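In: Build the 3D model from these lines:
(chains A and B)
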Amino acid sequence: MAKQAETAITPTREEDYPEWYQQVVKAADLAETSPVRGCMVIKPWGYAIWENIQRELDRRFKETGHKNAYFPLFIPMSFLQKEADHVEGFAKECAVVTHSRLEAGEDGKLEPAGKLEEPLIVRPTSETIIGELFSKWVQSYRDLPLLINQWANVVRWEMRTRLFLRTAEFLWQEGHTVHATAEEAMQETLKMLSEYADFAENYMAVPVITGEKTEAERFPGAEATYTIEAMMQDRKALQSGTSHFLGQNFSRSSNIKFLNADGKEEFAWTTSWGVSTRLIGGLIMTHSDDNGLVLPPRIAPAHLVIIPVTPKEETRQEVLDYCLGLKKDLEAQGYMDGRVKVEFDDRDMRGGEKAWSWIKKGIPLRVEVGPRDMQKNSVFVGRRDRAPKDKQSVGRDEFVAGIAGLLDAIQDSLLNKAKQFREEHTKEITTEAEFIEFFTPENPANPEIHGGFASVGFCCDAELEEKISKEHKVTVRCIPTETLDEVVKCAFTGKPGKRVIFAKSY
RNA sequence: CGGGCCGUAGCGCAGUCUGGUAGCGCACUUCGCUGGGGGUGAAGGGGUCGCAGGUUCAAAUCCUGUCGGCCCGACCA
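Out: Numbers count the residues shown, from 1 in each chain, chains lettered A, B, ... in the order given. Here you go, the predicted structure:
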């Protein structure tokens, strides 16, 4: 017997969390780095997760009255300039297109030629270009509300990138809406935030805290930014989606005006909201273990894999046929608003290796079927949320009939586990000393996983916030919606403050 | 963009200090044994050593530059 690592992924989370993350992505074959700096190639298994995210979110957007549209990748540089905070926030990370063609020089080397009169930027977000179009689309209060979403790629020239969590190019959706009143726009902002929160918890089994960002963390140009924040297994926070109340800032800079019912011209109120492929990073870091990816059934590209075990040539065909019959019956079962999705893995390779490859890919259920199971009319089932060797023999028909319930049970167990983890590492803190202790590792030279979410009274003074963030590398993740009305003594100044969540973050 | 480490076969690495014409493990291919577990024996295929200059009779090895990766920091809508 060759020695195998006790875990399929090395290093373990405990040993080296960032490296573990990389290895999980690789072992599950989700994505890889590309020849272009900071960009990623999303491979079929990873892209299928994104398609599932898209499908469910798109359904929700449409259900809440939004329509999809598409706006250009390129934005004239002057557009970005229109909103002062916005340009300041994004200018440093824009990819700029300056030429329109290539020409071969004397040495045969290609060189950019045909310099553009006005440079184009590759959209880092589309407020400015969409605003330009909206100013034409909106004339009357009868045109409102205007509820638009686009699925697109955006580019932000980040200094330091990590697959799914921060890449130079990423896929996302951005909702952009226009309203006649501030109240209505605010309502929209909060409605979409709660859609995100509901989706994260109920589809991705990622529990999130919803809340408002402080001024320092706000979207450039927004009046208010709301966020869903999730806790990863290294206890850091991941901002997983944002929804912005833009006030009249962008309608003023883009000139989005309408005539109200009284015949008076008014600036409109706008919102924007988005989630990205970063959600996949959050999914990975919420559920996966030292054997690789763990996928909640509702977001998994496939719910189960059937692995035929064919030790003897004479029973081989019989087992394969039995498996195909099982596959057909399972695929006839409904799950959520679709069907049970089944992979059939008859690749010619060793059984153990094959099973491990699916464990690393995070498939919720592994169903192994050999001659003995066939004789008993049963199947041998392993759940991804349990240990690899923890497998049970279940009657075939019982298994087929109970498949949806079993998938729900896995979904629930993953959500509960994640919630429990978050509870265990969320601490109510009332003094600065306690705060510092919470966020200081025992071994600063090689910091172990430590800290978590600190629920703290905070006076929300911007200078103090910056000082704390610099000194302890901790930021205010949000002012949670749930405890918004609470008045809590500030742990740093003693003044009356709000309850906020402090954490280290991605 | 600053600091550290690193680019040698698909992957992981040795060889670099002390220049002499490329190796190991895994993976891959074929055959055998094994057959409810990532097992095993044998025989094979695969690399202009990230790229570009320079030094030298000779460069994976020394020098310069450059590109890329990872970690830390700054930044992160």
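In: pLDDT weak spots in chain A?
Out: A:1-6, A:106-109, A:445 (pLDDT under 70).
In: Can you name the residues of the stretch 401-506 of chain A that neighbour RNA strand B?
Out: Residues of the stretch 401-506 of chain A found near RNA strand B (CB under 7 Å from any atom of the strand) are A:470, A:473, A:505-506. Just so you know, the C-beta spots here come from the backbone N, C-alpha and C atoms, and that holds for glycine as well.
In: Please narrow the residues you listed to those residing in helices.
Out: Among these, DSSP state H puts residue A:470 in helices.
In: Please identify the buried residues of the longest strand along chain A?
Out: The longest strand of chain A (DSSP state E) is strand A:110-122. Within strand A:110-122, the residues that count as buried by 16 or more other CB atoms under 10 Å are A:120-122.
In: so how far is RNA strand B from the nearest residue to residue A:248 once chain neighbours are set aside?
Out: Distance criterion CB to CB, 6 or more residues apart in numbering; nearest residue to residue A:248, sequence neighbours excluded, is residue A:267 at 4.4 Å. As judged by CB to the nearest atom of the strand, to the nearest Å, residue A:267 and RNA strand B stand 21 Å apart.
In: wait, isn't residue A:267 in contact with residue A:252?
Out: Yes - the criterion here is CB atoms under 8 Å, and residue A:267 meets it with residue A:252 at 5.6 Å.
In: now the buried residues of strand A:110-122 as a markdown table including distance to residue A:335?
Out: Listed next are these as a markdown table, based on distance: CB to CB, whole Å:
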| residue | distance to residue A:335 |
| --- | --- |
| A:120 | 45 |
| A:121 | 43 |
| A:122 | 39 |
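In: Let me know the closest of these to residue A:48.
Out: Checking these against residue A:48 by CB to CB gives residue A:122 as the nearest, at 26.5 Å.
In: Just grab the bridge partners of the closest one for me.
Out: Per DSSP bridges, the residues bridged to residue A:122 are residue A:74.
In: In contact with it, which residues?
Out: Residues near residue A:122 by CB atoms under 8 Å, 6 or more residues apart in numbering: A:73-75, A:94-97, A:154-155.
In: Swap in 10 Å and give it another go.
Out: A:73-75, A:94-97, A:153-157, A:168-169 (CB atoms under 10 Å, 6 or more residues apart in numbering).
In: between those residues, which has the most around it?
Out: The member of the contacts of residue A:122 surrounded by the most neighbours (other CB atoms under 10 Å) is residue A:75, with 23 neighbours in all.
In: count of residues packed around the nearest residue to that one once chain neighbours are set aside?
Out: Of all residues not flanking residue A:75 in the chain, residue A:129 sits nearest, at 4.7 Å (CB to CB, 6+ apart). Summarising burial for residue A:129: neighbours were counted as other CB under 10 Å, giving 21.
In: Check residue A:473 too.
Out: If you count neighbours by other CB under 10 Å, residue A:473 ends up with 11.
In: just residue A:105 next, same as before
Out: 10.
In: ok, it to residue A:244 distance?
Out: Separation of residue A:105 from residue A:244 (CB to CB, to the nearest Å): 46 Å.
In: One more: residue A:185?
Out: As judged by CB to CB, residue A:185 and residue A:244 stand 10 Å apart.
In: Residue A:398 now?
Out: Distance, residue A:398 to residue A:244, by CB to CB: 50 Å.
In: Looking at those two, which has the bigger crowd around it?
Out: residue A:244 (30 against 12).
In: Enumerate every residue touching that one.
Out: A:127, A:175-176, A:185, A:189, A:192-193, A:213, A:218-227, A:250, A:270-274.
In: Mind listing what's buried along the helix or strand containing residue A:62?
Out: Taking DSSP states H and E as the definition, residue A:62 sits inside helix A:44-63. Neighbour counts over helix A:44-63 (16+ other CB under 10 Å) mark A:45-50, A:52-53, A:56-57, A:60-61 as buried.
In: again with stretch A:491-499
Out: Neighbour counts over stretch A:491-499 (16+ other CB under 10 Å) mark A:491-492, A:497-499 as buried.
In: Enumerate the residues of the stretch 151-300 of chain A near RNA strand B.
Out: Applying CB under 7 Å from any atom of the strand, one finds that the stretch 151-300 of chain A approaches RNA strand B through A:156, A:158-163, A:166, A:217-220, A:225, A:239, A:242, A:244.
In: please redo it, this time with the cut-off set to 6 Å
Out: With CB under 6 Å from any atom of the strand as the criterion, the stretch 151-300 of chain A meets RNA strand B at residues A:156, A:159-160, A:162, A:166, A:217, A:219-220, A:242.
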